[in-house]
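> the following block contains a protein sequence and its predicted model.
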Amino acid sequence: DAKTTQPNSMESNEEEPVHLPCNHSTISGTDYIHWYRQLPSQGPEYVIHGLTSNVNNRMASLAIAEDRKSSTLILHRATLRDAAVYYCILRDHAGGTSYGKLTFGQGTILTVHP
Amino acid sequence: GAVVSQHPSRVICKSGTSVKIECRSLDFQATTMFWYRQFPKQSLMLMATSNEGSKATYEQGVEKDKFLINHASLTLSTLTVTSAHPEDSSFYICSARVPGLAERGTQYFGPGTRLTVL
């Protein structure tokens, strides 16, 4: 599986934008970039995904570098409820019965200060 | 979004007993579900891929005879931890791949089950 590298932790203030970086220099041409987040004692929550173009949804924006070797998850206005572990994951596109499985790294612990 | 539930949310059992955890997709049919395990302060580790109507595919190092997976219907997968021991205490999380988004691998996760083996 292609690997991703994220900072261990980041901090933000409430209502300020947050940019969470992810490096994936060994990404292959058909790997999708997925972002999930996990609040304490809960299962992960899907945030956003993309392939080549930047993506926006109600939760966040995803900016993908032109060479696709890095991406940035953007929370436009952080709230206290955004405090979580954010995982950047490349989707395993291998075929067979495990098609589409996700491999989680350590993620980035985001702390949001009031 | 799609909803995945797990039951129970928390279970405490004695060493040597078996525990069954259910994972249900509430508003969609899931041909493929995944089971993860998460120890404190660690990331999720995929245990197995559960396919409706066929045998589960286990990740390397996961004992298939200890962690029994059954995916008998398109909305239910179960994980049974047999002869549980304290080292099996963990947070078990399931997920389901949503039809229509399968090509992009998006998964929806259950809330998790906290297993404590005494």
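Alright, I've got the coordinates.

> which non-adjacent residue is nearest residue B:53?
Closest residue in space to residue B:53, ignoring its immediate chain neighbours: residue B:71 at 7.2 Å, by C-beta to C-beta, 6 or more residues apart in numbering or on different chains. Every residue, glycine included, has its C-beta placed from N, CA and C.

> pLDDT weak spots in chain A?
A:1-2, A:92-100 (pLDDT under 70).

> which stretches of chain B have low pLDDT?
B:1, B:99-105.

> show me which residues of it sit near chain A.
B:1, B:4, B:6, B:32, B:34, B:36, B:43-46, B:49, B:51, B:54, B:57, B:91, B:93-95, B:97, B:102, B:104-112, B:114 (C-beta under 8 Å from any C-beta of the partner chain).

> switch the cut-off to 7 Å
Chain B comes close to chain A at residues B:34, B:43-44, B:46, B:49, B:51, B:57, B:93, B:97, B:102, B:104-112, as judged by C-beta under 7 Å from any C-beta of the partner chain.

> of those, just the buried ones, PyMOL syntax please.
Here is the PyMOL command that selects only those of the residues of chain B next to chain A that count as buried (16 or more other C-beta atoms under 10 Å in any protein chain shown):
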select buried, chain B and resi 34+43+44+46+49+51+57+93+97+104+105+106+107+108+109+110+112
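
> strands - which of the residues of chain B next to chain A land there?
If you go by DSSP state E, these have B:34, B:46, B:49, B:51, B:57, B:93, B:97, B:107-109 in strands.

> hmm, which two among those residues are most spread apart?
Taking C-beta to C-beta as the measure, these span a maximum distance of 19.7 Å, between B:57 and B:108.

> sec struct for residue B:68, please.
Recorded secondary structure, residue B:68: strand (DSSP: H, G, I helix; E, B strand; the rest coil).

> could you find the closest non-adjacent residue to residue A:41?
Leaving aside its sequence neighbours, residue A:41 sits nearest to residue B:112 (C-beta to C-beta, 6+ apart; 7.2 Å).

> which stretches in chain B count as helices?
Using DSSP state H, no helices are found in chain B.

> brain fart, chain A
Counting by DSSP H, chain A forms no helices at all.

> around chain B, which positions in it sit nearby?
By C-beta under 7 Å from any C-beta, the residues of chain A that approach chain B are A:32, A:34, A:42-46, A:49, A:91, A:97-98, A:100-107.

> now list the buried members of the residues you listed.
A:32, A:34, A:43-44, A:46, A:49, A:91, A:98, A:100-105, A:107.

> among those residues, which are located in strands?
Taking DSSP E, the ones among those that sit in strands are A:34, A:46, A:49.

> my guess is the last one contacts residue A:31, does it?
Spelled out, that is residue A:49. No - contact criterion C-beta atoms under 7 Å: residue A:49 and residue A:31 do not qualify, at 10.6 Å.

> ok, residue 74 - contacts?
In the absence of a named chain, this looks at chain A. Residue A:74 makes contacts with A:17, A:19, A:60-61, A:63, as judged by C-beta atoms under 7 Å, 6 or more residues apart in numbering or on different chains.

> try chain B instead
Applying C-beta under 7 Å, 6+ apart, one finds that residue B:74 lies in contact with B:29-31, B:52.

> got a markdown table for those, with distance to residue A:111 and neighbour count too?
Formatted as a markdown table, the contacts of residue B:74 follow (distance: C-beta to C-beta, whole Å; neighbours: other C-beta atoms under 10 Å in any protein chain shown):
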| residue | distance to residue A:111 | neighbour count |
| --- | --- | --- |
| B:29 | 39 | 12 |
| B:30 | 34 | 29 |
| B:31 | 38 | 16 |
| B:52 | 40 | 16 |
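
> what residues are up against the closest residue to residue A:89 other than its chain neighbours?
Sequence neighbours aside, residue A:34 is the residue nearest to residue A:89 in space, at 4.6 Å (criterion: C-beta to C-beta, 6+ apart). Contact analysis of residue A:34 by C-beta under 7 Å, 6+ apart lists A:49, A:89, A:91, A:102, B:105.
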